[in-house]
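Engineer: Dropping a prediction and its sequence here:
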Amino acid sequence: MSSTPRTYDLIIFGATGYTGKLTSKQILLNSPTTLKWAIAGRSSQKLELLATDYNTTYPDRQPVETFVSDLSEPALDNLTKSTCCLISTVGPYLKYGTPVVAACARNGTHYVDSTGETPWVKRIIEKYHEEAKKNGAILIPQCGVESAPAELSAYALVKFVRDKLNCGVREMVYTIDDLKGGVSGGTAETALSMFEHCSLSEILTSANHYSLSPVPGRPLPYTLPFRRHPTFGYLTMWIQAIPDTTLVYRGWGLHDEGQYYGKNFEFREYKKTRNFVTAILWVIIFSALSALPFFAPIRWLTRKFVTQPGDGPTTEQVLKHRVEWRGIAEADDGRAVHQRAYVSFRAEKDCYELTGILLALTALSILFDEDTLAKKIGGGVLTPSTIATERYFKELEKAGVFVETKMLDWLRE
């Protein structure tokens, strides 16, 4: 990061939106009271109202300040030169995110976001990774539910196997085991905007397992979009599999060029389902729904009748929400009988609250934890696992997010 003194440790850009407010709450709950921070956006009136509320509710903290900014280059330079780290919740990122990342890379400012738009992440890696690394800026996209849980789970499971057995892993099967929650208008808009800002070719290219990896990987065998797993039962394709998988393989490549995870590492993500019939039906329904946004009239109708950006699940609704992912990997120890390891990533929380926690704690780790792979690399477009130290996982647990690993039984080929 630039050695020029900064006014703030952290700024949350897009702080008046749904995810921005949830992220601010997590900063208030989980950061040092001496943190120098500000909330930023276009409306000074909305920002002042929020700041007054925060400062009244948390009078023992360093007061939060406000920072008015738009997306013009001079405004973003002023914004990013004023802070050590910027959390951006201004999406869709394909539409609004690029100038923000460019300013952070240019000015040596650390950056965190909650995008799930793999084509956009591929673009910013190609355009800004080297510049950010040169200027000491750690840029970590996809730090929300897309796709931090998957990438952190993969890393935690690999680290557990390394520590226990001193070897890498083979196939890792990862499932969304339980999901109770709603969708915000911003999420729906992000999904639709991808089809307006990317060509079909770009979408397909970015869906390749290794599209974000800094090193090439071995060809992976084709697998059906549904299967029966000996532990998880019937599994089917899942909407987050592409952004999660591509980020996991970027993490794979960043950790010792794939050697830490192992040369035979594979990551497969699914949704748990009840039986073979529902698994097939889900594939058909999901495939049809994935094709519909290519048609402009469908996008228009969806925007007309879904929640508007800025809205999301109500306070009453989120009280009933929870989410849990589970994964199992085989140890790559060269034996005919493979030991298996298990990981669980769970939170008795709404997915958007979980996103706020992940954004806040990732930014705080960048700021205050010197013992991270990200600091050793020096900067560039990285992944959540590059800041995932023991301290980071303890902070997650304090915030109500639990990542647990253990050994399972043996599996014979």
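Structural biologist: Sure thing, it's come through. Residues are numbered from 1 along each chain as shown.
Engineer: Please make it C-alpha for all contacts and neighbour counts, starting now.
Structural biologist: Will do.
Engineer: Just give the number of residues close to the closest residue to residue 75 other than its chain neighbours.
Structural biologist: Setting aside the residues directly before and after it, residue 75 is nearest to residue 69 in space (Cα to Cα, 6 or more residues apart in numbering), at 5.7 Å. By other Cα atoms under 10 Å, the residues close to residue 69 number 19.
Engineer: go on, residue 29?
Structural biologist: 14.
Engineer: and if you look at residue 296?
Structural biologist: Neighbour count of residue 296, defined by other Cα under 10 Å: 13.
Engineer: Could you report the distance from it to residue 193?
Structural biologist: According to Cα to Cα, to the nearest Å, residue 296 and residue 193 sit 11 Å apart.
Engineer: Please apply the same query to residue 94.
Structural biologist: Distance, residue 94 to residue 193, using Cα to Cα: 7 Å.
Engineer: For the stretch 151-300 of the chain, just list every one of the helices.
Structural biologist: Remark: helices assigned in the stretch 151-300 of the chain by DSSP state H, counting those that start in this stretch are 185-197, 200-206, 241-254, 276-291, 296-305.
Engineer: Could you give the average pLDDT over the last one?
Structural biologist: Which is helix 296-305. Throughout helix 296-305, pLDDT has a mean value of 66.
Engineer: Same check on the second one?
Structural biologist: The predicted model gives helix 200-206 an average pLDDT of 90.
Engineer: tell me the SS of residue 402?
Structural biologist: Here residue 402 is strand, with the state taken from DSSP: H, G, I helix; E, B strand; the rest coil.
Engineer: For it, give me its contacts.
Structural biologist: Applying Cα atoms under 8 Å, 6 or more residues apart in numbering to residue 402 gives the contacts 344, 345, 346, 347, 396.
Engineer: Would you double-check that the last one falls in a helix?
Structural biologist: Yes: counting by three-state DSSP, residue 396 is part of a helix.
Engineer: quick one: what helix or strand has residue 366 in it?
Structural biologist: Following DSSP states H and E, one finds residue 366 within helix 351-368.
Engineer: now swap in residue 20 and tell me
Structural biologist: helix 18-30.
Engineer: which helices and strands sit right next to that helix?
Structural biologist: With contacts taken as 3 or more Cα pairs under 8 Å, 6 or more residues apart in numbering; DSSP states H and E, helix 18-30 sits against strand 8-13, helix 351-368.
Engineer: Dump the shortest one to PDB, keeping only the CA atoms.
Structural biologist: Only the C-alpha atoms of strand 8-13 are listed here, as PDB (Å, rounded to 0.1, in the frame of the first residue of the first chain):
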ATOM      1  CA  TYR A   8      -9.200   6.600   7.400                       C
ATOM      2  CA  ASP A   9      -8.500   3.000   8.000                       C
ATOM      3  CA  LEU A  10     -11.600   1.900   6.200                       C
ATOM      4  CA  ILE A  11     -14.400   3.300   4.100                       C
ATOM      5  CA  ILE A  12     -17.600   1.500   3.100                       C
ATOM      6  CA  PHE A  13     -18.700   2.600  -0.300                       C
END
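Engineer: any residues touching it, and which ones?
Structural biologist: 20, 23-24, 35-41, 82-90, 363, 367.
Engineer: and what of stretch 374-392?
Structural biologist: With contact meaning Cα under 8 Å, 6+ apart, stretch 374-392 is reached by 124-125, 128-143, 148, 151-152, 155, 247, 250-251, 254, 361-362, 365-366, 369, 371-373.
Engineer: State the mean pLDDT of that stretch.
Structural biologist: 97.
Engineer: in it, what's buried?
Structural biologist: Residues of stretch 374-392 classed as buried by neighbour count (16 or more other Cα atoms under 10 Å): 374-375, 378-389, 392.
Engineer: Show me those residues that map onto strands.
Structural biologist: Judged by DSSP state E, the subset of these located in strands is 380, 381.
Engineer: For the buried residues of stretch 374-392, work out which two are farthest apart.
Structural biologist: Maximum pairwise distance among the buried residues of stretch 374-392 (Cα to Cα): 20.0 Å, between 380 and 392.
Engineer: one step back: report the distance from the helix holding residue 20 to the chain centre.
Structural biologist: How far helix 18-30 lies from its chain's middle: 16 Å, per Cα atoms, centre = their mean, to the nearest Å.
Engineer: Name the residues that touch the helix or strand just after that helix?
Structural biologist: Scanning forward in sequence from helix 18-30 by DSSP H and E, the next helix or strand is strand 37-41. For strand 37-41, the external contacting residues (Cα under 8 Å, 6+ apart) are 8-16, 24, 47, 51, 63-70.
Engineer: Please list only the buried members of these.
Structural biologist: 8-16, 24, 47, 51, 63-67, 69-70.
Engineer: Below-threshold pLDDT in the stretch 1-150 of the chain: ranges please.
Structural biologist: 1-3 (pLDDT under 70).
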